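K.L.:
sequence and predicted model, in that order:
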2 protein chains.
Amino acid sequence: MATIAVENYLKHVLLLSEGADDLVPMGELAAALDVVPGTATTMVKALAAEGLVSHRPRYGVRLTAEGRRVALGVLRRHRLIETFLVEVLKMDWTEVHAEAELLEHAISDAVLDRLDALLGHPATDPHGDPIPTRQGKLDSQVYATLATCVLAKPLRIVRITEQSGEFLQFAEERGLRPGASVRVADRNLAAGLLTLKMSGARTVAVSLAAAGSILVAPAD
Amino acid sequence: MATIAVENYLKHVLLLSEGADDLVPMGELAAALDVVPGTATTMVKALAAEGLVSHRPRYGVRLTAEGRRVALGVLRRHRLIETFLVEVLKMDWTEVHAEAELLEHAISDAVLDRLDALLGHPATDPHGDPIPTRQGKLDSQVYATLATCVLAKPLRIVRITEQSGEFLQFAEERGLRPGASVRVADRNLAAGLLTLKMSGARTVAVSLAAAGSILVAPAD
DNA sequence: GGATTTATTTTGACTAATCAAAATAGCGCC
DNA sequence: GGCGCTATTTTGATTAGTCAAAATAAATCC
């Protein structure tokens, strides 16, 4: 059985290799897990010996098929738990990430299946992150971000990729939540600042960095 | 913060000291935790150094006020989770114990409070075990068991104290669940066998050992 | 293209929790 | 009141995961 530490390493390798299908550098992995780099090296070598990752010394790490299977399981548990906390327990979507982080290592398949059924087999969690299926399929649709999308066109927020509670509360306070309608009125790359128009003519200013973690689709 | 192992030691000291308010022998504790006796000794000495238990070498261990507070917290989480699994997720009451064993160490107070409210602040779990309050009060009402109660009188099962799935399935198959009506038709101590009359004139045979873990009250 | 900066790995040490097996202390028993 | 049984404690070792700090390799920069 995978320990909690092993599950966390695999989950973060998966998350950090999203999009960039390349090797995940050890430094990034160590930072994500909040351990010193040497610890990550030691652990990754052990995971490689177990066949869960492949390690290119000095360059980085990537999941094997088996490691990816395990990581997708953890991610599925995490996102279903987040959905449950919001939909059933009526918790705030800006604070459920940390809770799910704990529970994801303790919930059994039997309980998870019940939860999934109770929630109606949701496709995304409250942040818009796709939930891997039980068979290990992860929707990898690519969206534009508020930092890269066209100007002026009406858009819908589909996903917020950034887990910190402070960031999410900042977003929530400005109406920047999945499902919300938004238009980019102005984007000043030099100043790193965007002006957004929300529904009801509300105007909101966000940094370029923040805009990059808000994914959007045409309002169709 | 208490680790999972620490929480389990404290929880089991609490459970084993129920009724017998005496010292819990190390052997019993080790058996309950499924560790060798030497391990229990080592750990108990560490817990004593932390002020969570008091250890009388060669005689046994008991909780301090602080240790009891922690243990009651774990027990509250365990029993509320069991109740949730049965009431909300519709799982079988005979199989939720093992699930709760895992989740009890991972659930936060914030989530637990929501769960408690959703369930309507239940007083007992699906086995009839009392749920400690948030303030750390544990109902310690003493009941008769089927092994000790009066014969022939109509009774109501209030609690099953025995956690193993096999035992509980045995009980469930015979209608021996909390709330059920029962009467002890015959009790043969020499043979260690009881004959019970359930509602609908159903006759059930149980061992004296099994009867001892089924608590009853007058059918009022 | 050698010197410097930066990321990564190595080394040595530590903590929590465990086991196996030897040592010891109560306890009951004639 | 010593003998032996049984529970408990000690001792020595192991595993998983971690850190601090030294060593090393890759990349960058005149």
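P.N.:
Noted; the coordinates are in hand. Residues are numbered from 1 along each chain as shown, chains lettered A, B, ... in the order given.
K.L.:
CA only for contacts and neighbour counts going forward, please
P.N.:
Will do.
K.L.:
now do the contacts for the residue nearest the centre of chain A.
P.N.:
By C-alpha atoms, centre = their mean, chain A has its centre lying nearest to residue A:161, at 4.9 Å. Residue A:161 makes contact with A:127, A:129, A:213, A:214, A:215 under the criterion C-alpha atoms under 8 Å, 6 or more residues apart in numbering or on different chains.
K.L.:
for the closest residue to residue A:181 other than its chain neighbours, name its beta-bridge partners.
P.N.:
Spatial nearest neighbour of residue A:181, excluding adjacent residues (C-alpha to C-alpha, 6 or more residues apart in numbering or on different chains): residue A:156 at 4.6 Å. Applying DSSP bridges to residue A:156 gives these bridge partners: residue A:181, residue A:217.
K.L.:
so which other helices or strands are in contact with the lengthiest helix in chain A?
P.N.:
Scanning chain A for the longest helix, with DSSP state H as the assignment, gives helix A:65-87. Under the contact definition 3 or more C-alpha pairs under 8 Å, 6 or more residues apart in numbering or on different chains; DSSP states H and E, helix A:65-87 sits against helix A:4-16, helix A:96-103, helix A:109-118.
K.L.:
turn the contacts of residue A:161 into TSV, columns for distance to residue A:103.
P.N.:
Compiled in TSV, these are given as follows (distance: C-alpha to C-alpha, whole Å):
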residue	distance to residue A:103
A:127	18
A:129	18
A:213	25
A:214	26
A:215	27
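K.L.:
what subset of those is also close to DNA strand D?
P.N.:
Among the contacts of residue A:161, not one lies near DNA strand D by C-alpha under 7 Å from any atom of the strand.
K.L.:
list only those of those residues flagged as buried.
P.N.:
Neighbour-count burial within those applies to A:127, A:129, A:213, A:214, A:215; the criterion is 16 or more other C-alpha atoms under 10 Å in any protein chain shown.
K.L.:
those in strands, which ones?
P.N.:
A:214, A:215 (DSSP state E).
K.L.:
what parts of chain A come near chain B?
P.N.:
Neighbours of chain B within chain A, by C-alpha under 8 Å from any C-alpha of the partner chain: A:85, A:89, A:99, A:102, A:103, A:106, A:107, A:108, A:111, A:114, A:115, A:118.
K.L.:
which two from those residues end up farthest apart in space?
P.N.:
Within those, A:102 and A:118 form the most distant pair, 20.9 Å apart (C-alpha to C-alpha).
K.L.:
tell me the buried residues in the longest helix of chain A?
P.N.:
Under the neighbour-count criterion of 16+ other C-alpha under 10 Å, helix A:65-87 has A:67-86 buried.
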